[in-house]
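In: Let's see this in three dimensions:
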Amino acid sequence: MGKSVSFLYKLARMANDIEKLSSGDPRKIARRAKNKYIGRKLVRKMWKFP
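Out: Residues are numbered from 1 along each chain as shown. Here you go, the predicted structure:
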């Protein structure tokens, strides 16, 4: 069950990326890229936190 839920979350994130890219709106694309970058940086810092 956990693997299927994880797959669906990944699929939803990918669909959101595709939607933003296909919109052609540079503000939406930039905001999506910025939020992904910030999110990844935060996760890396949280995993290193003792």
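
In: rest of the way, CA atoms for contacts and neighbours
Out: Noted.

In: in which helix or strand would I find the most centrally placed residue in the chain?
Out: Closest residue to the average C-alpha location of the chain: Lys36 at 4.9 Å, with Cα atoms, centre = their mean. In this assignment (DSSP states H and E), Lys36 forms part of helix 26-48.

In: quick revisit: show the pLDDT at the residue nearest to the centre of the chain.
Out: Looking at Lys36, its pLDDT reads 91.

In: and the gap between it and Ser4?
Out: 23 Å (Cα to Cα, to the nearest Å).

In: Contacts for stretch 10-21, please.
Out: Residues from elsewhere that reach stretch 10-21 (Cα atoms under 8 Å, 6 or more residues apart in numbering): 28-29, 32.

In: ok, now with 10 Å
Out: 4-9, 22, 26-33, 36 (Cα atoms under 10 Å, 6 or more residues apart in numbering).

In: among those, who's most crowded?
Out: Ile29 (17 neighbours; other Cα atoms under 10 Å).

In: residue contacts, it?
Out: Neighbours of Ile29 in contact, by Cα under 10 Å, 6+ apart: 17-23.

In: which one among the residues you listed gets closest to Met46?
Out: Asp17 (24.1 Å; Cα to Cα).

In: same question for the helix or strand hosting that closest one, mean pLDDT?
Out: Taking DSSP H and E as the criterion, Asp17 maps to helix 2-23. Averaged over helix 2-23, pLDDT sits at 93.

In: now the angle between helix 26-48 and that helix, please.
Out: 150 degrees (axes from the mean of the first three to the mean of the last three Cα atoms, to 10 degrees).

In: Pull helix 2-23 out as CSV, backbone CA atoms only.
Out: Provided in CSV are the C-alpha atoms of helix 2-23 (Å, rounded to 0.1, in the frame of the first residue of the first chain):
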residue,chain,number,x,y,z
GLY,A,2,2.8,2.4,0.9
LYS,A,3,4.5,2.0,-2.5
SER,A,4,1.3,2.8,-4.4
VAL,A,5,0.7,5.9,-2.3
SER,A,6,4.3,7.0,-2.8
PHE,A,7,3.9,6.4,-6.6
LEU,A,8,0.7,8.5,-6.7
TYR,A,9,2.4,11.4,-4.8
LYS,A,10,5.3,11.3,-7.3
LEU,A,11,2.9,11.2,-10.2
ALA,A,12,0.9,14.2,-8.8
ARG,A,13,4.1,16.2,-8.4
MET,A,14,5.2,15.4,-12.0
ALA,A,15,1.8,16.3,-13.3
ASN,A,16,2.0,19.7,-11.6
ASP,A,17,5.5,20.3,-13.1
ILE,A,18,4.1,19.4,-16.6
GLU,A,19,1.1,21.7,-16.0
LYS,A,20,3.2,24.7,-15.1
LEU,A,21,5.6,24.1,-18.0
SER,A,22,2.8,23.7,-20.5
SER,A,23,1.0,26.9,-19.3
